[in-house]
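Undergrad: Predicted model and sequence below, questions to follow.
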Amino acid sequence: MNRVVKTFLLFAMAFMTMAAFTSCDKSGGNEGGQTAAEKEMQAVVEQYVPGVIYSIYKDLADESNDLYELLAAASAKGVSALSQSEIDAICAKFLQARQSWEESEAFLIGAATDFAIDPHIDTWPLDLDALAVALKNKDQIDALRGEEGIAYAAGKLGAELLGFHGIEFILFRNGKNRTVASLNAVENNPVFVANGAVSVTGEQELIYAAAVAGDLRDNCYRLYASWDADCDAKYMDRCEELEVSTTIGSKSYGENMLSATKAGSTYATWQEVCADILVGGCSGIANEVANVKMGNAHSGEDENYIESPYSEKSFQDFIDNVLSVQYSLYGKSMAISADRNSLVSFMKNNGYKGVSDLESALSSSLAALKACQAKGSFVQIYKDDLVQKAMDAVNDLDTELNKAASWIVLQ
């Protein structure tokens, strides 16, 4: 999927911060080369990085591992021996991991973008034609079996068959958990029928889902290890086994952000870090939710561009994306109010007059999306006027985020 990254505006902000960096704060303090405002911004970042990024990425890494283990065990056990409760448990774990991923999308400004992890694990629409062809191919199914199948999936399947949405298709249909009866029957999806894949079984589907879940787990491990250099050894060990990079230069992404203003960091000032969080991160996902995730289908530009169509959890995805913005602004995962060392608290402490408009836009976005969710799934109501209202609300949030960034670089 397309991702808004650092824009021209952000680079202009960074230039302005260089001029501001040597100035004194309004109280006259410039102790140790830092103004009081800059010290406060540093504290904000020191709260944000572990309190939001490390926390959510660790949850995502652990939940994706649990999902893989459940699917691998189900595949090994055999479809005919599975109970509905076992399938339901796998579905619940998928949704838990999915929520953590969506709650991370306000900080795709680092490893998720640089290492192309985002498109690798979250591309949609799923290419059902290609999946039908793959699953009816006995040699390909054999290659996907067991732990060796993870590497095959990662290297051979392509983004349109990988990640959350391939697994979602196996586990959910029409907004409901897959049933035992469905998995024990041959695949009857119309696209599979059209591709002569009516002989595809639940066993083959679980082999595929387990391999893709293993690749998903590996990428989520990489995300966490790339940010938190002090993560448990198992995450980094797997990255080393896969021989994938986890650093920006010689630093982890967390170290790079936390060492802003110092040699070796890509951030010259604390203002630039805060602007990147607001524009590259929060504004990026707000813009995408409003104008791509909802906008493509609602406008008619691409009515098939619907995220999470099989579980019918699109609106929950969008809500979790806006919550990702909320946690970034409030400085802590799951926060419902601003932490003492948070972007919102900094704005309030330093007289930003637009902070109430920002919080109001945040609240209105969540309310508008929940109103859509209460009416039906996005698959059902993507043309509804409520969707346009939600798009407008999230676009207003995007506007306020950019206003806040324009103010913060001048502090």
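TA: Looks like it arrived, so ask away. Residues are numbered from 1 along each chain as shown.

Undergrad: Buried residues, the longest helix along the chain. List them.
TA: In the chain, ranked by residue count with DSSP state H as the criterion, the top helix is helix 202-227. In terms of neighbour count (16 or more other Cβ atoms under 10 Å), helix 202-227 has its buried residues at 202, 204-227. To be clear about C-beta, it is placed using only N, CA and C from the backbone, and glycine gets the same treatment.

Undergrad: What of stretch 179-196?
TA: Per 16+ other Cβ under 10 Å, stretch 179-196 contains these buried residues: Val180, Ser182, Leu183, Glu187, Asn189, Phe192, Asn195.

Undergrad: start to end distance for it?
TA: Stretch 179-196 has an end-to-end distance of 23 Å (Cα to Cα, to the nearest Å).

Undergrad: what does that stretch rub up against?
TA: 79-80, 82-84, 87, 128-129, 132-133, 135-136, 173, 197-202, 205-206 (Cβ atoms under 8 Å, 6 or more residues apart in numbering).

Undergrad: hmm, 6 Å instead?
TA: Outside of stretch 179-196, the residues within contact range by Cβ atoms under 6 Å, 6 or more residues apart in numbering are Val79, Gln84, Leu128, Asp129, Ala132, Val133, Val198, Ser199, Val200, Thr201, Gly202.

Undergrad: Quickly find the element holding the residue nearest to the third one when sequence neighbours are not counted.
TA: So that's Leu128. In space, and not counting its chain neighbours, Leu128 is closest to Val191: 4.1 Å by Cβ to Cβ, 6 or more residues apart in numbering. Here Val191, judged by DSSP states H and E, is contained in helix 190-194.

Undergrad: Would you state the helices of the stretch 151-300 of the chain in chain order?
TA: Defined through DSSP state H, counting those that start in this stretch, the helices belonging to the stretch 151-300 of the chain, from first to last, are 163-171, 180-184, 190-194, 202-227, 233-242, 253-258, 270-275, 284-288, 295-299.

Undergrad: Phe115 is nearest to which of those?
TA: Closest to Phe115 of the helices of the stretch 151-300 of the chain is helix 202-227 (Cβ to Cβ; 6.8 Å).

Undergrad: Any idea how far the closest one is from the middle of the chain?
TA: For helix 202-227, the gap between its own C-alpha mean and the chain's C-alpha mean amounts to 15 Å (Cα atoms, centre = their mean, to the nearest Å).

Undergrad: Which other helices and strands does it contact?
TA: With contacts defined as 3 or more Cβ pairs under 6 Å, 6 or more residues apart in numbering; DSSP states H and E, helix 202-227 has these neighbours: helix 55-77, helix 117-121, helix 138-144, helix 148-156, helix 163-171, helix 233-242, helix 253-258.

Undergrad: can you redo these as JSON lines with distance to Gly354, mean neighbour count and mean pLDDT?
TA: Converted to JSON lines, these look like this (distance: least, Cβ to Cβ, whole Å; neighbours: other Cβ atoms under 10 Å; pLDDT from 0 to 100):
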{"stretch": "helix 55-77", "distance to Gly354": "27", "mean neighbour count": "22", "mean pLDDT": "98"}
{"stretch": "helix 117-121", "distance to Gly354": "30", "mean neighbour count": "21", "mean pLDDT": "98"}
{"stretch": "helix 138-144", "distance to Gly354": "52", "mean neighbour count": "16", "mean pLDDT": "97"}
{"stretch": "helix 148-156", "distance to Gly354": "44", "mean neighbour count": "18", "mean pLDDT": "97"}
{"stretch": "helix 163-171", "distance to Gly354": "35", "mean neighbour count": "25", "mean pLDDT": "98"}
{"stretch": "helix 233-242", "distance to Gly354": "39", "mean neighbour count": "15", "mean pLDDT": "98"}
{"stretch": "helix 253-258", "distance to Gly354": "24", "mean neighbour count": "22", "mean pLDDT": "98"}
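
Undergrad: can you tell me how far Asp127 sits from Asn304?
TA: Spatial separation of Asp127 from Asn304 under the definition Cβ to Cβ, to the nearest Å is 11 Å.

Undergrad: I meant Ile170, not that one.
TA: 19 Å.

Undergrad: related to what we said a few turns ago, adding distance to Gln388, write the helices of the stretch 151-300 of the chain out as JSON lines.
TA: Written out in JSON lines, the entries for the helices of the stretch 151-300 of the chain read as follows (distance: least, Cβ to Cβ, whole Å):
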{"stretch": "helix 163-171", "distance to Gln388": "25"}
{"stretch": "helix 180-184", "distance to Gln388": "35"}
{"stretch": "helix 190-194", "distance to Gln388": "30"}
{"stretch": "helix 202-227", "distance to Gln388": "33"}
{"stretch": "helix 233-242", "distance to Gln388": "42"}
{"stretch": "helix 253-258", "distance to Gln388": "36"}
{"stretch": "helix 270-275", "distance to Gln388": "30"}
{"stretch": "helix 284-288", "distance to Gln388": "16"}
{"stretch": "helix 295-299", "distance to Gln388": "7"}
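
Undergrad: nearest to Trp101, of those helices?
TA: Ranking the helices of the stretch 151-300 of the chain by proximity to Trp101 (Cβ to Cβ) places helix 163-171 first, at 6.8 Å.

Undergrad: Now do the closest one against helix 55-77, angle only.
TA: For helix 163-171 against helix 55-77, the angle between stretch directions is 40 degrees (axes from the mean of the first three to the mean of the last three Cα atoms, to 10 degrees).

Undergrad: what angle do helix 163-171 and helix 202-227 make?
TA: 160 degrees.

Undergrad: can you list contacts of helix 163-171?
TA: The contact list for helix 163-171, computed with Cβ under 6 Å, 6+ apart, reads 91, 94, 98, 121-122, 124, 126, 178, 205, 209, 212-213, 216, 310-311.

Undergrad: just these now: which is nearest Glu288?
TA: Of all the contacts of helix 163-171, the one with the least separation from Glu288 (Cβ to Cβ) is Asp122, at 11.3 Å.

Undergrad: What does that closest one show for phi and psi?
TA: Note on Asp122: its backbone torsions stand at phi -140, psi 50 [degrees, to the nearest 10].

Undergrad: One more: Ser345?
TA: Residue torsions, per degrees, to the nearest 10, at Ser345 are phi -60, psi -40.

Undergrad: leaving aside the residues next to it on the chain, what's closest to it?
TA: Ranked by Cβ to Cβ, 6+ apart and with sequence neighbours excluded, the top spatial neighbour of Ser345 is Ala338, at 4.7 Å.
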